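> I would like the atomic coordinates for the input below:
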Amino acid sequence: MWFSNLICYRFKQDVAYEQSDFEQALSQDIFRPCASQELSSFGWTNALGKHGQTLAHFSQNCILVCAKREEKVLPASVVNDLLAEKIEQIEREEQRPVKKKEKDELKENLLTTLLPQAFKKSSLQFAFIDTENGWVIVNSGSFNKAEELLALLRKSLGTLPVVPAFANYDLTVHLTDWLTKFTPPEGFALGLDAELQEPDESGAQVKFKQFDLSSDEIQQHLANGKLVTKLAIDWRERVKFVLQNDGTLKRLNYAETLREQNADIPKEDMAVKIDADFILVSEEIKALLTDLLAGLGEPE
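From the prediction side, this is the model:
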């Protein structure tokens, strides 16, 4: 429940969801295991896992959802080795070369045979909707995976009028300015990690980990025209994270005092603890984002 990576979206208009209607909408796209000839399956599963009974968990103006993906694993090396054996057998027994079209058909037949026996792996993707402040927060470091979850949510609900939260901000400019002046917005402090890059997309990159970012070496790189693409930040000594110029917040690390706040809830009440952790985490994330937007000011 402790969101470790954030990709953030904002609603373009006010929204309100009724719990029963929302649950019914998600039930249209509930997760089902892969069929014998399916490579993957993606759908909604219980938001609180085995400790809950609903696809959507409503709590204090926030809605927690969880999508599950199941994929069949067919290592390319295995398929290619079997295909090579089959091609070699045909060429040996029939004394003729196997052409590309036939190779493609042989590979397709192999996949059809192997799919039912393939190993399966599954993963969970969490997100929450903040109906009060108009946020959709996906726990992911990948825009592709975040967009996949949003596409499923849009399909279930019929509409989802959201845009990337930081699309109108030039975060490279802000990050570079914060590091150059060593003055992040109020409530934030610079950490010890950063990545800088020359303006050209193929330009040189430099990475610093556990490094004094106020050093002359950093200032020299900035003076030579490098721009900041990633910057470690500490928010009010409560949450540490890395802000990237694409708008993702990665490697969230919550203060121990936060993590221990609900430690006294007994394991027998795990659903209660998960709910309490969700309330705690969602409130922290909302406050962090409010401060971040205030520090960025009006978008360009």
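
> show me where the stretch 151-300 of the chain has helices.
Applying DSSP state H, counting those that start in this stretch to the stretch 151-300 of the chain gives helices spanning 171-181, 216-223, 256-259, 270-296.

> Quick one: mean pLDDT over the shortest one.
If you average the pLDDT over helix 256-259, you get 94.

> For that helix, which outside residues touch it?
The contact list for helix 256-259 (CB atoms under 8 Å, 6 or more residues apart in numbering) reads 2, 238, 239, 280, 284. Quick note: C-beta positions are derived from backbone N, CA and C, even for glycine.

> ok so, going back, how about the helices of the stretch 151-300 of the chain in CSV, adding distance to residue 144?
Converted to CSV, the helices of the stretch 151-300 of the chain look like this (distance: least, CB to CB, whole Å):
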stretch, distance to residue 144
helix 171-181, 19
helix 216-223, 31
helix 256-259, 30
helix 270-296, 22
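
> Which of these sits closest to residue 87?
Ranking the helices of the stretch 151-300 of the chain by proximity to residue 87 (CB to CB) places helix 171-181 first, at 50.3 Å.

> Assess the claim that residue 111 and residue 78 are in contact.
No. Residue 111 is beyond contact range of residue 78, at 10.9 Å (criterion: CB atoms under 8 Å).

> Compare those two (neighbour count), which wins?
Counting neighbours by other CB atoms under 10 Å for residue 111 and for residue 78 shows that residue 111 has the greater number, 16 against 13.

> centre of the chain versus the host helix or strand of the more buried one, how much separation?
Taking DSSP states H and E as the criterion, the element that holds residue 111 is helix 100-114. Distance of helix 100-114 from the chain centroid (CA atoms, centre = their mean, to the nearest Å) equals 34 Å.

> wait, isn't residue 11 in contact with residue 165?
No. Using CB under 8 Å, residue 11 is not in contact with residue 165; the gap is 10.1 Å.

> Now do the shared contacts for the two.
Common neighbours of residue 11 and residue 165 (CB under 8 Å, 6+ apart) are residue 135.

> can you tell me which residues contact residue 211?
Contacts of residue 211 by CB under 8 Å, 6+ apart are 192, 193, 194, 218.

> Repeat the analysis, applying 7 Å as the threshold.
Counting by CB atoms under 7 Å, 6 or more residues apart in numbering, residue 211 touches residue 192.

> And for residue 143?
Contacts of residue 143 by CB under 7 Å, 6+ apart are residue 7.

> cool, residue 280 as well?
258, 261, 262.

> are any of these buried, and which?
By neighbour count, with 16 or more other CB atoms under 10 Å, these hold residue 262 as buried.

> could the contacts of residue 280 go into a markdown table alongside distance to residue 23?
Shown next, in a markdown table, are these (distance: CB to CB, whole Å):
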| residue | distance to residue 23 |
| --- | --- |
| 258 | 30 |
| 261 | 29 |
| 262 | 25 |
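
> mind checking how far the nearest residue to residue 206 once chain neighbours are set aside is from residue 92?
Spatial nearest neighbour of residue 206, chain neighbours left out: residue 196 (5.1 Å); criterion: CB to CB, 6 or more residues apart in numbering. Computed with CB to CB, to the nearest Å, the distance linking residue 196 and residue 92 is 58 Å.

> Good, wrapping up.
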